[in-house]
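# structure for the following, please:
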Amino acid sequence: MKNRKIIFGAAAIVALSLLATSCFNNKKDKKVTATIQKITPSLWVEKDAKAVANYYLSIFKDGKLKDFHQFNAAESGNNAGLETAVIEIAGIEFSILAAGPLFKFNESVSFVINTKDQAETDYYWEALTANGGEEGSCGWCKDKYGLSWQVVPTEYFELIHSGNPTVREKALKKTLTQKKLVLSELK
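Residues are numbered from 1 along each chain as shown. Next comes the predicted model:
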């Protein structure tokens, strides 16, 4: 338990320094105004922060890698060292910390992708469940790293909040029978 606390503490310090580095450009003779995102999701993965970053950037085409660092064992306090990355997808920064297998994702923390139509729903569903991802129910799935996502067409909310009880009931009942949400079946 003590080693876990030391590794966690060292990883937290490195992650915070990475976030500060990504927010402030320290180049000489250059005045920089930084905007710091109020809340930044941090994804702890076992290894290879760069590969994880590239994976998410391959799915979210508007994304970009903002920062990447490797820290050896002496710098990180972790025998294997650690890596950090900061990516931006859909206008949101995510910090990625590759610091060993101490913590795993679970369904209690997840992300919802609001899609514009069925084609976009299909795209994200296929991309996230491919190569080791896994389908869940009611629009939920896990990517190959075990991170949970719900892929939801925005029209779905119109159906389940409809003033017409028949429309609402059909959409809600049918949702329970689906894995990927299929709008044509919910209407």
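
# what are the ranges of the strands in this protein?
Counting by DSSP state E, the chain has strands at residues 42-45, 64-71, 82-89, 92-98, 110-115, 134-135, 140-142, 148-153.

# and these, which is most packed in?
Neighbour counts (mean count of other C-beta atoms under 10 Å) averaged over each of those peak at strand 82-89, with a mean of 24. The C-beta positions use only the backbone N, C-alpha and C, and glycine is treated the same way.

# return the alpha-carbon coordinates of that strand using CSV.
Output in CSV follows, covering the C-alpha atoms of strand 82-89 (Å, rounded to 0.1, in the frame of the first residue of the first chain):
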residue,chain,number,x,y,z
LEU,A,82,6.0,7.1,-16.6
GLU,A,83,4.7,9.0,-19.5
THR,A,84,2.2,11.8,-19.8
ALA,A,85,0.3,13.3,-22.7
VAL,A,86,-2.3,16.0,-23.1
ILE,A,87,-4.7,15.8,-26.0
GLU,A,88,-7.6,17.9,-27.0
ILE,A,89,-10.7,16.3,-28.5
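
# can you give the contact residues for that strand?
Identification of contacts with strand 82-89 by C-beta atoms under 8 Å, 6 or more residues apart in numbering yields 10-11, 14-15, 18-19, 22, 47-50, 52-53, 56-57, 60, 62-71, 76, 93-100.

# paired strands for it, with orientation please.
strand 64-71 (antiparallel), strand 92-98 (antiparallel) (DSSP bridges).

# show me the contacts for the closest residue to Ala127 other than its chain neighbours.
Of all residues not flanking Ala127 in the chain, Ile59 sits nearest, at 4.5 Å (C-beta to C-beta, 6 or more residues apart in numbering). By C-beta under 8 Å, 6+ apart, the contact set of Ile59 is 124, 127-128.

# where does Ile59 sit relative to Asn72, distance-wise?
Noted for Ile59: a distance of 30 Å to Asn72, by C-beta to C-beta, to the nearest Å.

# again, but for Thr166
63 Å.

# let me know the pLDDT of Thr33.
pLDDT recorded at Thr33 is 49.

# and if you look at Ala20?
pLDDT at Ala20 comes out at 45.

# ok so, going back, let's have the strands of the chain in a markdown table, adding mean pLDDT and distance to Lys180.
A markdown table is the format used below for those (pLDDT from 0 to 100; distance: least, C-beta to C-beta, whole Å):
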| stretch | mean pLDDT | distance to Lys180 |
| --- | --- | --- |
| strand 42-45 | 96 | 23 |
| strand 64-71 | 96 | 28 |
| strand 82-89 | 96 | 21 |
| strand 92-98 | 97 | 23 |
| strand 110-115 | 97 | 11 |
| strand 134-135 | 98 | 7 |
| strand 140-142 | 98 | 8 |
| strand 148-153 | 98 | 7 |
